[in-house]
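Chemist: sequence first, then the predicted structure:
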Amino acid sequence: MSRLIRGMVKKFGLPPGALLHTGKTYIDIPHMRILEYNADDAVEKTLHSTEDLGTFISSPTVTWIRVIGLHNVELIEKIGQCFAIHPLVLEDILNTNHRSKMEDYGEYLFFILKSFNNADDADEMDSEQVSIILGKNYVISFQEKGDELFAPVRERINSAKGRIRKSGADYLAYALMDTIVDKYFVILEDVGEKIEDLEDSLVIQPGQNALQEIHVLKRKMLHFRKALWPLRETMNSLSRGESALVQEGTVLYLRDTYDHTVQLVDALETYRDILSGMLDIYLSSVSNRMNQIMKVLTIISTIFIPLTFIAGVYGMNFKNMPELDFAWGYPAVLLIMVVISLAMIRLFQTRKWL
Amino acid sequence: MSRLIRGMVKKFGLPPGALLHTGKTYIDIPHMRILEYNADDAVEKTLHSTEDLGTFISSPTVTWIRVIGLHNVELIEKIGQCFAIHPLVLEDILNTNHRSKMEDYGEYLFFILKSFNNADDADEMDSEQVSIILGKNYVISFQEKGDELFAPVRERINSAKGRIRKSGADYLAYALMDTIVDKYFVILEDVGEKIEDLEDSLVIQPGQNALQEIHVLKRKMLHFRKALWPLRETMNSLSRGESALVQEGTVLYLRDTYDHTVQLVDALETYRDILSGMLDIYLSSVSNRMNQIMKVLTIISTIFIPLTFIAGVYGMNFKNMPELDFAWGYPAVLLIMVVISLAMIRLFQTRKWL
Amino acid sequence: MSRLIRGMVKKFGLPPGALLHTGKTYIDIPHMRILEYNADDAVEKTLHSTEDLGTFISSPTVTWIRVIGLHNVELIEKIGQCFAIHPLVLEDILNTNHRSKMEDYGEYLFFILKSFNNADDADEMDSEQVSIILGKNYVISFQEKGDELFAPVRERINSAKGRIRKSGADYLAYALMDTIVDKYFVILEDVGEKIEDLEDSLVIQPGQNALQEIHVLKRKMLHFRKALWPLRETMNSLSRGESALVQEGTVLYLRDTYDHTVQLVDALETYRDILSGMLDIYLSSVSNRMNQIMKVLTIISTIFIPLTFIAGVYGMNFKNMPELDFAWGYPAVLLIMVVISLAMIRLFQTRKWL
Amino acid sequence: MSRLIRGMVKKFGLPPGALLHTGKTYIDIPHMRILEYNADDAVEKTLHSTEDLGTFISSPTVTWIRVIGLHNVELIEKIGQCFAIHPLVLEDILNTNHRSKMEDYGEYLFFILKSFNNADDADEMDSEQVSIILGKNYVISFQEKGDELFAPVRERINSAKGRIRKSGADYLAYALMDTIVDKYFVILEDVGEKIEDLEDSLVIQPGQNALQEIHVLKRKMLHFRKALWPLRETMNSLSRGESALVQEGTVLYLRDTYDHTVQLVDALETYRDILSGMLDIYLSSVSNRMNQIMKVLTIISTIFIPLTFIAGVYGMNFKNMPELDFAWGYPAVLLIMVVISLAMIRLFQTRKWL
Amino acid sequence: MSRLIRGMVKKFGLPPGALLHTGKTYIDIPHMRILEYNADDAVEKTLHSTEDLGTFISSPTVTWIRVIGLHNVELIEKIGQCFAIHPLVLEDILNTNHRSKMEDYGEYLFFILKSFNNADDADEMDSEQVSIILGKNYVISFQEKGDELFAPVRERINSAKGRIRKSGADYLAYALMDTIVDKYFVILEDVGEKIEDLEDSLVIQPGQNALQEIHVLKRKMLHFRKALWPLRETMNSLSRGESALVQEGTVLYLRDTYDHTVQLVDALETYRDILSGMLDIYLSSVSNRMNQIMKVLTIISTIFIPLTFIAGVYGMNFKNMPELDFAWGYPAVLLIMVVISLAMIRLFQTRKWL
């Protein structure tokens, strides 16, 4: 939770643009992979030095540079020099506590996106910051974790499925963002199923851990919300198609992705409302149960307390208690006790307590 | 509930524009019906192949193509090719978890609307996604379920009632949307009556299932809300009349429909407020009842506990208890007990507990 | 309550513009009265046929046509034809469940307003829908109920009080709307007094029916709110003076009326806040009362339970209980009991329970 | 409270612009004072007739006309004629239930402001309506109460302190408004201290009257809020400097005053949040106290109820109860009782109830 | 808390622009330090008189004048005259209760910012008001407290780290604001850790002081909120780059700082949500605990009350009680008691109370 801003603290006192990796380290060795393609061909390779990067800028093909692992600050600095990236952008790439955003630097667009891998873990959401730089004919993606997230996109490029090979760098950037957005559906669906299960168990037997689970889910929703709203905002400003780097044909696709984020936010808010409703149901069922317990206590007490009093009276040791000597004294008292009990029960029935 | 986004999950990893039907299947065989009309004549027929569709585009009459059942993906793909519909539109038609929206593709307008059939079913709202494509002289409607929804419109065309036969395709699209919106009134009226009934029963005897019912209704309201707000938005942007495909005369009618959605949202929000108020009444009447029970317990206890104590004292077996030997000891103690009881009752009356 | 939308349901399946009166019937025979005036003269008459209506359009005087009672659909249809009113307008006039609105049809402005007659009735608010059509030199008003509402305006025209006789049709329309808005002040003042009374009674003795009354008032506020917000909106768009039918001099007056609606909404929202605060006070005073009761129970119980136990001990019938034979056994036990009681009371005082 | 709108009710049925004083009467005789000044000189006098007023309009000096007391309707009407004030403005001046507002009538600006004198009184806030008319070279101020409010401004004019004598009528109007706004700081500070005191007393001992006081303060906040938000709005629209009557140099000062209203609203909202927090603390400390009481009851009961039962068993009068004859019967039972008590206490400790 | 507006009260009745220091005094002697630099050189000195200040305005180097301590009103007045600062600006500098703001005076920009030093103190947040005036080639900063806050910036200038020496006065102003914003991260991180600790302790054992701590943190959040939202607003309007005093290159950096404030506000609101959730958890765990206690009481009572009654019955002293003489009377009663206890326990198990 306090992770929200932890990265910023390390940097206090440094001049702006100072490069410092502030996130956790997920993989051993940061590396860089290149995927160059046009309608006809697609070539993939691992690049070990940044010296050859310059050649990709001038080539007419689309180049996708994937940087995996952010803790090699020097590598990222070199890429920055090579593509003339503003130091503040590099700083943002390395600071993995950013919210989603889009910035237009003229020559390139810069995106930060948050990707969630799954919702099964405990409290701590398992998010990954993905930064994307979209230039005229290249896309650079920066990832914290392994290679799997964008595997479907790579697969589509390699097998020339869909229109990706025929389209430009902007479509590639779109495809990456769309992949991240689609991932949210999988995760929200998961959460939705958990909510459904919880709801069922709430009807059967509301226990203390139901409360715990509702709160865990609410907390998760808070995290998703913090990720989804800026994502939606980002997709919205992108889908307005104001940048020259985004072609008109791609704008339709971006609008579609924006639409998906709207739907995600919608579902999220509905889940939040449902969780609030469940909390209400839980609390009032707990309080109903409490009422029942109190009712039982009251009924038992109000029936037996007067009876016990009567028994106590005839347990007194006064010499002069004539009733004690009557032959029918005992059965008469027993009878009175039965009558009082029945009257009490009758009263409770009238008041609908039974 | 988790249905909110289920459709999107199946598609994870597919390229955008990939066609996949994600909803339930309601009817056996998807089919397509054509209704061609102008001021003079109206002809209706079932079309078995998509090959003749092209002829309708060029004809001067208004053509209404109704596609009923969405699980024949191939059919929808062919219609798409025939009318040059964007693949993303076809994708949205097949994905039945969309929120209402309008998109302007220049040559045609694309609408998604949600129609509710009735409010009697249990939790799961019985919604149907209706997609409408409005072109220059044609309207294509896509429905998940049977033919009944638009029966009144067909009837009006066939019998030349109202101005529908004299108007263009835009008026037909309006008539379809108006039908869907009018259906909401029927359903909200139904919900309104349920709320009224529940309110009456709440006054008579608030039981545990009243709470259950309030929550079921609140949940329903959540579903309606999720459907109505985007519908209102859609009608609003449409009624601004910015598309060249919508004639000026029709805009007045669309404004009227927009007005209806405003009224629906208004009624919905009022119902929500009323339900919240009912929950408050329920909770405070439950807590009042609880207080009454506690009061009874306290009164009985506080009266009898001291009396029982006195009885206990004179039940002790000390040798040397002079009171026990007094002739008037027993009646005196009984008298003291009566006095204490009366004093207690008096006290309760002073404090307004009785 | 479900009246909110009832009118719309009857019309399901009818073509738009179909005329159908959906409200209740308040008066026996719908009729139509004409008031024609200019600075010099004012003539009032009842019109039995609609044929002469045409002559009023061309006359230079201001004509005020009052239609009282809406269930003569034919009459309203004829007026519509006479003044070239759009069928949707006529439909809205007949459907008495509309929210307040203004629509600009170029040749005329169309208003729907809600008038409340009094706040004394039970739950069901006694509202009346008033529709006003403002043309170049005529005003047509449609009312559900009798003639009283606009009596002050008629009086002012007949007695040439104020500037009404010297002004045009737009000022007449303003005068009608101002009358409706002023009525709200009377009613809100009434509600305000009820709230004040309730507040006083809440301080003296919070009973269960206080809760009931708070909820009744809250419900009323809900109804007023539903009426007042759209009214305010309507007056706002009107007071911007964008229509050519409203002269500049009248705009100042409309702005004044808009101001009044702002004040009404303001008062309404303050009342709502006050009611919420009262509910809070009620609930916490109920819970305080409960706490007091519990405290009494606890004090009585905790004092007497140990004492009763001691009495019980010496009530046991063991042969070998030496204390029982001591001469000072009984007084010693009584003393111990007194000491325990005093210690308990002291403890309660320390903990501020007494 | 119902004062909110009372003034409007008296006027129902009157034509707009009809003059009627609706407020309370605070001073005996309404009077009018004139203060005429320029950079060199300042002359103050009481004016008994309105006939000489005309001369002030044409004079190049700044004229400040102070009308004190509003119940001389005739006087206000004459001033209105003299300066060609719109009847609706005069109506607003006399109706002392208005919210703050600014209206631009071209030749003059019209302001209504609410001034609070102190916060010590009970519920009913002691507000005064001040109306200001700013013309080219004159300012007319209308006050309900005595002369003190603007004494500092008069003093500054008379002693030529600050830049007021060198500035125009717009600066004078600014000075008046600034005085009213500054008064709010004094009063809010007062309220702030009350809140602080209450908070301290809440920590020491939360009593029932703490609740009462919180609610009184919340109610006061409601009143301030109703006054402050429109005031802020008024100052905002004024500080935009769109009127030709306000010189550029004065706009900076008005912006400063607007800034103060923003700060006031800010403080107000913070106080409201603090009060809400205090209510929460109060309620949970009351409920904690309740829990403590319940705990004591439960502990005492659960310890003694079993013991009393045991005592009861051996108090039974069966002939055949062998334990009673054992020499060690009595001490054994006492021992068992002690063991049970200790076991119970141990259990409570384990469960952290002690 | 009432500190919110205290400064304004002292000034009531003074003319606007009157200079009066309203804050606390933190340091002994207010002083002024000069730092003059360009790309080549940086000279720092303490200035004892304001006479030489004029020379800095015309020099081409960047001049940073630091005023430390605000209670030398005369000094600030002289600086104001020297740089032609508007009196209202000087008034705002001296009044240390301002919210953050930016004002454009054409020749210079004026900022007020709030800096927090640490979050460890008790309730009272330890804030300092920093005012910054940005002119063409100079920056004047006014601080209440000592010199440490801007030490990193001075260090960067002196050691020519980063681009600060090569940039203009606008970059210096940016660097100062960035330092203040970065400080918030340190403090919010601190608060975040406190929240985390509290959350952990809440899971283990919710005590009364947990509630206290939650409320203290909520109050702190209120203070931060009051500081952060206007700060964000200020940075936003600054980052739009509309002033000629801010060069294009610096705007990117300001946008970055604005971004940080957005992130801060985001984190703050998340913390607030988390605290609200924690309060809910606390309250329901307290109420669960209460329920448990009640359950124990009820179980013990309902088991023993009937048993005690039976014991009481056979403790009565009636002559004629045949059961007492039966040899198996006593064991039979004991058996009955055991049976009743077991039945009760069985019942509780059925109802899931055990």
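Modeler: Arrived safely, thanks for sending.
Chemist: burial count for A:H31?
Modeler: A:H31 has 16 neighbours, counted by other Cβ atoms under 10 Å in any protein chain shown. In this view, the C-beta of every residue, glycine as well, is placed from N, C-alpha and C.
Chemist: what about stretch A:296-303 and chain C, touching?
Modeler: No. Figure legend: stretch A:296-303 not in contact with chain C (Cβ under 8 Å from any Cβ of the partner chain); closest approach 10.5 Å.
Chemist: from the chain's centroid, how far away is that stretch?
Modeler: 48 Å (Cα atoms, centre = their mean, to the nearest Å).
Chemist: cool, and stretch A:23-36?
Modeler: 25 Å.
Chemist: from start to finish, how long is it in a straight line?
Modeler: Start-to-end span of stretch A:23-36 (Cα to Cα, to the nearest Å) is 29 Å.
Chemist: who touches stretch A:264-282?
Modeler: Here stretch A:264-282 makes contact (Cβ atoms under 8 Å, 6 or more residues apart in numbering or on different chains) with A:181, A:184-185, A:188, A:191-192, A:195, A:198-199, A:202, A:206, A:210-211, A:214, A:217-218, A:221, A:224-225, A:228-229, A:232, B:1, B:4-5, B:99, B:211, B:215, B:218-219, B:222, B:226, B:279, E:280.
Chemist: quick one: mean pLDDT over it.
Modeler: The pLDDT scores in stretch A:264-282 average 87.
Chemist: and if you look at stretch A:209-222?
Modeler: For stretch A:209-222, the per-residue pLDDT averages 83.
Chemist: so where do the helices sit in the stretch 201-350 of chain A?
Modeler: A:208-239, A:248-313, A:329-350 (DSSP state H, counting those that start in this stretch).
Chemist: just want the angle from the first one to helix E:248-313.
Modeler: In this case it means helix A:208-239. Angle between the axes of helix A:208-239 and helix E:248-313 is 160 degrees (criterion: axes from the mean of the first three to the mean of the last three Cα atoms, to 10 degrees).
Chemist: how about helix A:208-239, does it reach chain D?
Modeler: No. Judged by Cβ under 8 Å from any Cβ, helix A:208-239 makes no contact with chain D; its nearest approach is 14.5 Å.
Chemist: list the buried ones in that helix?
Modeler: A:210-211, A:213-215, A:217-235, A:237-239 (16 or more other Cβ atoms under 10 Å in any protein chain shown).
Chemist: show me where the stretch 51-200 of chain A dips below the pLDDT cut-off.
Modeler: A:119-125 (pLDDT under 70).
Chemist: what sits closest to the residue of it found nearest chain C if chain neighbours are left out?
Modeler: Shortest the stretch 51-200 of chain A-to-chain C distance, computed as Cβ to the nearest Cβ: residue-wise this is A:E199, at 28.7 Å. For A:E199, ignoring the flanking residues on the chain, the nearest one in space by Cβ to Cβ, 6 or more residues apart in numbering or on different chains is A:M278 at 6.2 Å.
Chemist: any idea how many residues pack against that neighbour?
Modeler: Quick note: A:M278 (other Cβ under 10 Å) scores 22 neighbours.
Chemist: what's the spacing between it and chain C?
Modeler: Distance, A:M278 to chain C, using Cβ to the nearest Cβ, to the nearest Å: 23 Å.
Chemist: go on, A:K319?
Modeler: Counting by Cβ to the nearest Cβ - A:K319 and chain C are separated by 15 Å.
Chemist: swap in A:M32?
Modeler: 59 Å.
Chemist: where does A:I140 land in three-state SS?
Modeler: strand (DSSP: H, G, I helix; E, B strand; the rest coil).
Chemist: surely it meets A:I133?
Modeler: Yes. Counting by Cβ atoms under 8 Å, A:I140 touches A:I133, with 4.3 Å between them.
Chemist: need the overlap of contacts for these two.
Modeler: Common neighbours of A:I140 and A:I133 (criterion: Cβ under 8 Å, 6+ apart): A:F83.
Chemist: residues near A:L113, how many?
Modeler: Neighbours around A:L113, by other Cβ under 10 Å: 25.
Chemist: so what does the helix or strand it falls within touch, helix or strand wise?
Modeler: Secondary structure assignment for A:L113, by DSSP states H and E: strand A:109-116. Judged by 3 or more Cβ pairs under 8 Å, 6 or more residues apart in numbering or on different chains; DSSP states H and E, strand A:109-116 is in contact with helix A:87-94, strand A:101-104, strand A:127-134, helix A:169-204, helix A:208-239.
Chemist: in its sheet, what does that strand sit against?
Modeler: strand A:101-104 (antiparallel), strand A:127-134 (antiparallel) (DSSP bridges).
Chemist: let's have those strands in a markdown table, adding mean neighbour count and distance to B:F56.
Modeler: Listed next are these as a markdown table, based on neighbours: other Cβ atoms under 10 Å in any protein chain shown; distance: least, Cβ to Cβ, whole Å:
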| stretch | mean neighbour count | distance to B:F56 |
| --- | --- | --- |
| strand A:101-104 | 18 | 43 |
| strand A:127-134 | 23 | 42 |
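Chemist: D:T50: which of those is closest?
Modeler: Between D:T50 and these, the tightest spacing by Cβ to Cβ is seen for strand A:101-104, at 65.0 Å.
Chemist: residues making contact with that closest one?
Modeler: Strand A:101-104 is contacted from outside by A:89, A:109-112, A:230, A:234, A:237-238, A:242-243, E:255, E:259, using Cβ under 8 Å, 6+ apart.
Chemist: ok, the residue nearest to A:E199 to A:R219 distance?
Modeler: To A:R219, A:M278 is 14 Å away according to Cβ to Cβ, to the nearest Å.
Chemist: with A:Y171 instead?
Modeler: 37 Å.
Chemist: pretty sure A:V313 sits against B:A311.
Modeler: Yes. A:V313 is within contact range of B:A311, at 4.9 Å (criterion: Cβ under 8 Å).
Chemist: identify the residue nearest A:M235 in space, chain neighbours excluded?
Modeler: Closest residue to A:M235 apart from its sequence neighbours, by Cβ to Cβ, 6+ apart: A:Y258 at 4.1 Å.
Chemist: quick one: residues contacting A:E155.
Modeler: A:K161.
Chemist: over to A:D92?
Modeler: A:H98, A:F110, A:I112, A:S131, E:D256.
Chemist: including distance to B:I336, could the helices of the stretch 201-350 of chain A go into a markdown table?
Modeler: Listed next are the helices of the stretch 201-350 of chain A as a markdown table, based on distance: least, Cβ to Cβ, whole Å:
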| stretch | distance to B:I336 |
| --- | --- |
| helix A:208-239 | 49 |
| helix A:248-313 | 12 |
| helix A:329-350 | 20 |
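Chemist: closest to C:N320 out of those helices?
Modeler: Of all the helices of the stretch 201-350 of chain A, helix A:248-313 comes closest under Cβ to Cβ, at 24.4 Å.
Chemist: give me the distance from the closest one to the chain's centre.
Modeler: Computed by Cα atoms, centre = their mean, the separation of helix A:248-313 from the middle of its chain amounts to 21 Å.
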